[in-house]
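# got a predicted model here, sequence first, then my questions.
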Amino acid sequence: MDFIEEELVKMGVRAISVELIRDKDGVTVARVRPAAPGAAMVIKAFARPEFRREIGNYAALTALGVPTLKLYASTDRALLMEDILESPYRLGVAEDLGDARTAALVARWYRELHSRGHEYAAEHGAELYDENDALTPENLERVKERTGTASLPVWRLIEDNWDKISSAVDGARRTLTYNDFYYTNLAVARSGESALMFDYNLLGRGYAYADLRNVCSSLSGAAQEAFLGEYGPFDEREAEIDAVVNVLNGLISACGRERLPAWSAGLIEELRGGLYERVERLIGK
């Protein structure tokens with residue numbers, strides 16, 4: 001809490017009370033009741049430098065006019081934002097994942113993010129998180145060893161056509177991508193007229209379809225249809241790329257952990273199943 005108090009002093013904010021909400025992995029979140037009249041605010045402070053990218057991401061979205069929670073102040077280590085509980089928004093709930101109207105509102109936010117993010121991603125690519133930076137032959141070797149799948153034919157196909165695969169990934173048009181959809185990161189206007197995503201730690205540079213797949217994997221049938229219908233056309237080539245890259249990146253992430261997570265089992269099955277045909281489709285065989 002001393003860390004929080006120090007950042008509030010830098011922001012020139014005097015508080016009547018500071019209530020800890022969460023303190024995990026070097027990220028501290030607290031509710032601040034200011035001495036001056038007004039609603040409560042939430043401060044998010046980053047002890048670990050690698051998580052401070054969210055401060056720059058917030059500034060980028062604000063500059064681009066992409067809707068965010070209201071930002072009152074920031075330092076090089078913290079953000080001071082409106083408290084959703086006392087704002088025009090409500091927190092997302094699990095039921096939103098099956099609600100067609102909410103899904104359509106979410107699609108509008110993503111469409112705005114993607115349409116406005118192309119130029120920014122091109123200019124600031126080197127500064128932005130990109131999960132495809134981990135897609136390297138060295139990391140795939142580690143996946144083969146950790147998963148015990150080195151003898152599977154799909155690995156030979158990938159190795160023999162690595163230049164084509166990496167060229168397809170590099171050639172996909174980049175924009176700003178959110179990369180972390182779930183209802184716990186969703187804010188829905190109480191008026192029912194808009195929605196937005198918050199928590200921008202994984203915001204980065206990528207191809208738009210990766211976000212669409214990420215959202216649709218959490219939505220039910222009717223909500224998924226509403227999301228895609230509202231979002232509009234997407235690049236089918238990106239979908240072909242993602243059908244391969246999503247599996248490989250997921251395995252790289254899983255194998256970077258001390259113990260393989262339970263969810264990696266499905267991805268390992270993909271190596272034995274449909275991934276081979278999807279790689280063939282991607283490389284044009």
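Thanks, I have it.
# now for the closest residue to Tyr183 other than its chain neighbours, how many residues are close by?
Nearest residue to Tyr183, sequence neighbours excluded (C-beta to C-beta, 6 or more residues apart in numbering): Gly92, at 3.9 Å. Just so you know, the C-beta spots here come from the backbone N, C-alpha and C atoms, and that holds for glycine as well. Close neighbours of Gly92, defined as other C-beta atoms under 10 Å, add up to 22.
# again with the one 5 residues further on
Neighbouring residues of Leu97 were enumerated by other C-beta under 10 Å; the total is 20.
# all strands of the stretch 101-250 of the chain, in order?
175-177, 186-189, 195-197, 204-206 (DSSP state E, counting those that start in this stretch).
# Leu71: which of those is closest?
strand 195-197 (12.6 Å; C-beta to C-beta).
# next one: the closest one to chain centre, how far?
Mean-position distance between strand 195-197 and its chain equals 13 Å (C-alpha atoms, centre = their mean, to the nearest Å).
# counting by contacts, list what it packs against.
Packing partners of strand 195-197 (3 or more C-beta pairs under 8 Å, 6 or more residues apart in numbering; DSSP states H and E): helix 100-124, strand 186-189.
# hmm, back to that, hmm, the residue nearest to Tyr183 is touching Leu186, no?
Yes. Counting by C-beta atoms under 8 Å, Gly92 touches Leu186, with 2.9 Å between them.
# turn the strands of the stretch 101-250 of the chain into TSV, including mean neighbour count and mean pLDDT.
Output for the strands of the stretch 101-250 of the chain, formatted as TSV (neighbours: other C-beta atoms under 10 Å; pLDDT from 0 to 100):
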stretch	mean neighbour count	mean pLDDT
strand 175-177	25	97
strand 186-189	21	98
strand 195-197	24	98
strand 204-206	24	95
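# of those strands, which is nearest Asp76?
Taking the strands of the stretch 101-250 of the chain one by one with C-beta to C-beta, strand 204-206 is closest: 19.9 Å.
# who does the closest one touch, helix- and strand-wise?
Partner elements for strand 204-206 (3+ C-beta pairs under 8 Å, 6+ apart): strand 175-177.
# where along the stretch 51-200 of the chain do the helices fall?
Secondary structure of the stretch 51-200 of the chain (DSSP state H, counting those that start in this stretch): helices at 53-64, 100-124, 137-147, 153-160, 162-171.
# sorry, back to before: what does the residue nearest to Tyr183 show for phi and psi?
Main-chain dihedrals, Gly92, degrees, to the nearest 10: phi -60, psi 150.
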